[in-house]
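**Q** based on what follows, work out the 3D shape:
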Amino acid sequence: MRSKSFWPGTAATLAAALAFLLLYEWLVYKVPVTGIYLPASSWSDEVVYSKQLSAVVEYGAPQGYFGFNESHADIGTFAAWGPAIFWLYAIPGFFFRGQNAFLWCNLFFVAAGWLVFARAAWLKAWQQAAFGVVLACLNAPVRYVFSAMQEPLHYALALAITGTAVLVRRTGRKPAWAALAILCAAATLARPYNAVYWLYPLVLAWPHRRALLRCGTGALASLAATLVLMSKFYAPYFFTNVDTAPLKMLAHLQVFSAVRYTADKLRTAFTQVGQEIAGALRGEGGGYYLIFLLLLAVTVGCLVWDRRHKRPVFWKGCAAAASAVIFLALMVMYRTTEASRHTLVLDILLLAALVLESPRPALGTAAVTLALTAAGILGLTAGGGFGMPSWREAIAQESQQLTAALTESQAAIRSDDPWDHTVAYSFGDAAHVGMLYAVPDGMGLQFDEAGYLEDGSHVIRSRYLMTSPGSAVEARLLDEGWTLLHQGQYCTVYERG
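**A** Down below sits the predicted model:
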């Protein structure tokens, strides 16, 4: 039976989380959330996420192909990160519309994850305050909340899984078990390495065989589903975005080859991580790996200390084990450049465990982070390349002109071929990537490398191509008889004749 203070406490927690996030963003980046203008951003991934979400909300799926270098998925029209991500985002996305819909969904997810974590784990007000203080000092996780990147969804899943696991351990109730299983399955479908989150229900189920069997079945089923999505429903990336070679070797019983391949990948990756950390220590910005390893070291140190002094270590152990395994998976499966931002989610997972069992060392981590930032070692604030995009009148006006031109052109097309509803972007020349927000909802986007497009042997299947005036890509289009559809300050768009 819930106490009378449950709903007021829940409302207060949600209000405090939202107030913290919104005020922090405004104070640090000097742009109110309503003033963020994503078309002015230079983060190319954001527009790909945003346009796929709008396509799902409007049509159920993109009507044109999302992909890279004129490619597409074996099944469907999603890019390398769909469709599971966008089905999840579509839940709040049906209510949050417009250019910043993805950003509002991120804010919704993080606030919801914070709420579940705080209420399910029975966090005291000072523990929640400690959580906010460390987040503020880390900065980068909060910056991503106010973007169109998918990391905030994973923050929310990490927080909700931790909170729900605490609830399961405290009550053992079936609804809590079901919620935990659903969250772990959703996380796994979103990113394959998140299958490690099933460690939480497996540890909680021990030593009950039936419970272990159910958890193991859920883990295998969700992992199999996400591997199918990756192999059939993801468009191939420029390069091998997720390296599954060791898994393929194991499937063919090539155990020794898999071990040797993994060892070589880890050796190379650790060398690159060391170079990135050395660069951060020289004040060259970044610092994702430095912060992650700092939090991991604090967590492991607290675990050892608390174990010796017979204090609670369960959640630190789970978080440290899950983070270490995911980190190793990132080193094997991803390039270190792309993997660095994935460690932000591990920061949240470790921080949640510290707040639960060792909040004072967590605050100590915040102090160290502040000191590193003040010394110029961590470039995670607005001055470090993470400024918030704000209104640009020139971009807005040109975007309206381009939207009108594409809408008029599309109205005359009766073909159901997805390529006829696709805009290719010449990735690497001077065309402003934010102009892709002007593409009407539902159309597909291709990110084609400029070098790929300059090669006349590569067929351009997309009906439209965005490039910059005077580029080598434009010269090819003119030679092949493409028709000029739009020319402006930020981009030039041609239509296949």
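
**Q** please count neighbours and contacts with C-alpha atoms only from this point.
**A** Will do.

**Q** just the CA trace of stretch 209-226, in PDB.
**A** Coordinates of the C-alpha atoms in stretch 209-226 are reproduced here as PDB (Å, rounded to 0.1, in the frame of the first residue of the first chain):
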ATOM      1  CA  ARG A 209      16.900 -22.500 -11.500                       C
ATOM      2  CA  ARG A 210      13.600 -21.500 -13.000                       C
ATOM      3  CA  ALA A 211      14.200 -17.800 -12.600                       C
ATOM      4  CA  LEU A 212      17.700 -18.200 -14.100                       C
ATOM      5  CA  LEU A 213      16.300 -20.200 -17.000                       C
ATOM      6  CA  ARG A 214      13.700 -17.400 -17.700                       C
ATOM      7  CA  CYS A 215      16.300 -14.700 -17.500                       C
ATOM      8  CA  GLY A 216      18.800 -16.600 -19.700                       C
ATOM      9  CA  THR A 217      16.000 -17.300 -22.300                       C
ATOM     10  CA  GLY A 218      15.100 -13.600 -22.400                       C
ATOM     11  CA  ALA A 219      18.800 -12.600 -22.800                       C
ATOM     12  CA  LEU A 220      19.400 -15.100 -25.700                       C
ATOM     13  CA  ALA A 221      16.100 -14.200 -27.400                       C
ATOM     14  CA  SER A 222      16.700 -10.400 -27.300                       C
ATOM     15  CA  LEU A 223      20.400 -10.800 -28.400                       C
ATOM     16  CA  ALA A 224      19.300 -13.000 -31.300                       C
ATOM     17  CA  ALA A 225      16.700 -10.400 -32.300                       C
ATOM     18  CA  THR A 226      19.200  -7.600 -32.200                       C
END
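
**Q** that stretch - what's its average pLDDT?
**A** Average pLDDT, stretch 209-226: 95.

**Q** now swap in stretch 460-472 and tell me
**A** pLDDT averaged over stretch 460-472 gives 96.

**Q** for the stretch 351-497 of the chain, give me the ranges with low pLDDT.
**A** 373-385 (pLDDT under 70).

**Q** please repeat the previous calculation with a cut-off of 80.
**A** When residues are selected by pLDDT under 80, those of the stretch 351-497 of the chain lie in 365-366, 369-386, 497.

**Q** mind listing the strands for it?
**A** 422-427, 444-449, 464-467, 483-487, 492-495 (DSSP state E, counting those that start in this stretch).

**Q** can you redo the ones you listed as a markdown table with mean neighbour count and distance to Leu22?
**A** Listed next are the strands of the stretch 351-497 of the chain as a markdown table, based on neighbours: other Cα atoms under 10 Å; distance: least, Cα to Cα, whole Å:
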| stretch | mean neighbour count | distance to Leu22 |
| --- | --- | --- |
| strand 422-427 | 27 | 33 |
| strand 444-449 | 26 | 31 |
| strand 464-467 | 28 | 35 |
| strand 483-487 | 17 | 38 |
| strand 492-495 | 22 | 36 |
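
**Q** between those, which one is closest to Thr407.
**A** strand 483-487 (11.2 Å; Cα to Cα).

**Q** just to revisit the earlier point, save the strands of the stretch 351-497 of the chain as TSV, and put in distance to Ala90 too.
**A** What follows is the strands of the stretch 351-497 of the chain, written out as TSV (distance: least, Cα to Cα, whole Å):
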stretch	distance to Ala90
strand 422-427	21
strand 444-449	17
strand 464-467	27
strand 483-487	31
strand 492-495	30
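
**Q** looking at the ones you listed, spot the one closest to Phe233.
**A** strand 444-449 (14.8 Å).

**Q** what packs against that closest one?
**A** Contact here means 3 or more Cα pairs under 8 Å, 6 or more residues apart in numbering; DSSP states H and E; on that basis strand 444-449 packs against helix 44-59, strand 67-68, strand 422-427.

**Q** of all the strands of the stretch 351-497 of the chain, which one is nearest Val304?
**A** Per Cα to Cα, nearest to Val304 of the strands of the stretch 351-497 of the chain: strand 444-449, 47.8 Å.

**Q** show residues contacting the closest one.
**A** 48, 51-52, 62-71, 77, 418, 421-428, 462 (Cα atoms under 8 Å, 6 or more residues apart in numbering).

**Q** could I have the buried ones of those residues as ChimeraX selection syntax?
**A** Of the contacts of strand 444-449, the buried ones go into a single ChimeraX selection, burial set by 16 or more other Cα atoms under 10 Å:
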select :48,51,52,62,63,64,65,66,67,68,69,70,71,77,418,421,422,423,424,425,426,427,462
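
**Q** if we can go back for a sec, who wins for proximity to Ala185 among the strands of the stretch 351-497 of the chain?
**A** strand 444-449 (28.2 Å).

**Q** correct me, but Leu484 touches Val493?
**A** Yes - at 6.3 Å, Leu484 counts as touching Val493 under the criterion of Cα atoms under 8 Å.

**Q** may I see the buried residues of the top helix by length along the chain?
**A** For the chain, the helix with the greatest residue count under DSSP state H is helix 255-281. Within helix 255-281, the residues scored as buried using 16+ other Cα under 10 Å are Ala258, Thr262, Lys265, Leu266, Ala269, Gln272, Val273, Glu276, Ile277, Gly279, Ala280, Leu281.

**Q** adding distance to Arg119 and pLDDT, write those residues out as a markdown table.
**A** Listed next are those as a markdown table, based on distance: Cα to Cα, whole Å; pLDDT from 0 to 100:
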| residue | distance to Arg119 | pLDDT |
| --- | --- | --- |
| Ala258 | 43 | 87 |
| Thr262 | 41 | 89 |
| Lys265 | 41 | 90 |
| Leu266 | 39 | 91 |
| Ala269 | 39 | 91 |
| Gln272 | 40 | 91 |
| Val273 | 37 | 92 |
| Glu276 | 38 | 87 |
| Ile277 | 36 | 87 |
| Gly279 | 40 | 83 |
| Ala280 | 37 | 79 |
| Leu281 | 38 | 81 |
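
**Q** since that was my last question, I'll sign off now.
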